[in-house]
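Undergrad: sequence and predicted model, in that order:
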Amino acid sequence: MTTRSFVPRGAASFSVAYDGPPRDVYFLLLPKLTLLAFTSALEPLRVANQVAGRELYRWYVMSEEGGPVTCSCGVHITPDSGLTDVPRDALAFVCAGIEPASTASRRATQWIRRQRTFGCRVGGICTGAFSLAQAGLLEGRRFTLHWENQPAFVEKFMDLEPTGALYEIDGPLVTCGGGSAATDMMLDLIERDHGADLATIVADMCLHVRSNLQDRKQKSAFSFALSSRNTHLIAAMHMMNDNLDTPLPIDELSLRVGISRRQLERLFTTHVGSTPAQFYIDLRISRAHALLNETDLGVAEIAAATGFNSTSQMATRFRKRFGKSPRSYRKKWSTVQG
């Protein structure tokens with residue numbers, strides 16, 4: 001690994017009553033990783049060292065072959081090394097991003113499994129849970145990943161269910177949903193290592209307001225974006241989201257949330273700008289779009305997974321939303337990526 005200083009100079013300082021060795025953290029960068037999630041996990045370690053004025057943490061970056069990795073935004077990162085076994089008391093993260101089902105090779109998956117077998121704690125950042133699942137490390141564990149990628153994950157790994165939390169620390173397994181959730185996760189780890197006061201000053205240095213709740217849900221594409229916090233409206237949205245493969249009739253939906261259909265329609269019109277039926281269809285088409293992008297499922301399988309009676313019915317709705325049929329959309333996307 002590259003020899004370098006892990007303690008940058010800074011104005012803020014904090015005395016840490018710790019006299020042990022630094023904790024080593026390794027980041028395996030997969031192609032198309034999300035840069036924001038990676039740096040959000042790395043920077044709290046740097047800040048902790050800076051304010052403490054000593055090496056509390058050391059960090060190393062790896063790629064499968066040791067060559068530069070291109071992030072989802074096009075930025076290239078040059079790692080310290082290729083894959084290598086890490087110390088047993090280290091923490092090894094898999095950093096992924098878009099198209100997570102296809103970016104981890106068999107060699108990388110085997111490396112992940114081997115680190116856990118040797119006793120190392122392992123983690124997934126953003127969509128790193130795909131690689132952890134491929135390595136067989138998620139069964140019986142609490143874990144999470146970015147909400148956008150959860151539908152594709154559940155379709156691929158039907159026996160595994162992400163919690164949807166910002167981050168999860170379940171014994172030797174550490175995962176987060178990416179973005180600023182990576183900072184929350186690292187602040188929690190820093191607090192466990194060195195106390196709440198250090199974690200607080202690190203958060204302040206990062207200008208980050210902590211969630212303070214490990215199991216706080218990620219902001220979804222719908223309810224948290226609303227100015228309203230109407231419990232009936234949010235309950236209806238969650239029921240829709242939980243029943244995409246077998247859509248509930250609107251009358252039954254209103255009955256389940258405890259209001260009349262007319263009241264439910266008024267809530268959606270007022271706060272969402274569409275009817276419940278249209279919102280429901282938009283959710284299903286959004287799920288179909290995600291599955292087209294992130295799985296190898298056929299169009300007929302995707303239609304079934306999103307509650308449409310036929311591929312033609314889904315295609316009509318999909319074309320109205322995205323301007324192309326599902327097959328044309330997937331073909332164009334494959335051509336662009338190729």
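TA: That came through, no problem. Residues are numbered from 1 along each chain as shown.
Undergrad: show me the helices in the stretch 51-200 of the chain, by range?
TA: 106-117, 129-134, 150-156, 181-194, 196-205 (DSSP state H, counting those that start in this stretch).
Undergrad: show me the shaky parts of the chain.
TA: 1-3, 211-229, 331-338 (pLDDT under 70).
Undergrad: in it, which residue is most central in space?
TA: His146 (2.3 Å; C-alpha atoms, centre = their mean).
Undergrad: measure that one to Ala165 for me?
TA: His146 is 12 Å from Ala165, where distance means C-beta to C-beta, to the nearest Å. Heads up, the C-betas are built off the backbone N, CA and C, glycines and all.
Undergrad: what's the answer for Ala41, then?
TA: On the measure of C-beta to C-beta, Ala41 and Ala165 end up 16 Å apart.
Undergrad: Gly323 now?
TA: 35 Å.
Undergrad: between those two, which has more neighbouring residues?
TA: Taking other C-beta atoms under 10 Å, Gly323 and Ala165 do not tie; Ala165 has more neighbours (21 against 9).
Undergrad: that one touches Thr144, doesn't it?
TA: Yes. Counting by C-beta atoms under 8 Å, Thr144 is a contact partner of Ala165 at 4.9 Å.
Undergrad: ok and the helix or strand hosting Val47 relative to helix 196-205, angle-wise?
TA: Taking DSSP states H and E as the definition, one finds Val47 inside helix 35-52. Following axes from the mean of the first three to the mean of the last three C-alpha atoms, to 10 degrees, one obtains 120 degrees for the angle between helix 35-52 and helix 196-205.
Undergrad: so what does helix 35-52 touch, helix or strand wise?
TA: In terms of contacts (3 or more C-beta pairs under 8 Å, 6 or more residues apart in numbering; DSSP states H and E), helix 35-52 is packed against strand 23-29, strand 57-62, strand 91-95, strand 121-125, helix 181-194, helix 196-205.
Undergrad: quick one, which of these is packed in tightest?
TA: Highest mean neighbour count among these (mean count of other C-beta atoms under 10 Å): strand 121-125, with a mean of 28.
Undergrad: listing partners with orientation, what would you give for that one?
TA: Strand 121-125 has its sheet partners listed here by DSSP bridges as strand 91-95 (parallel), strand 173-176 (parallel).
Undergrad: how about these, which one is nearest Met239?
TA: strand 173-176 (26.4 Å; C-beta to C-beta).
Undergrad: just the C-alpha atoms of that closest one, please, in CSV.
TA: Taking C-alpha atoms only, strand 173-176 is exported to CSV below (Å, rounded to 0.1, in the frame of the first residue of the first chain):
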residue,chain,number,x,y,z
LEU,A,173,-22.0,-6.5,8.7
VAL,A,174,-22.2,-2.7,8.0
THR,A,175,-24.3,-1.3,5.1
CYS,A,176,-25.8,2.1,4.1
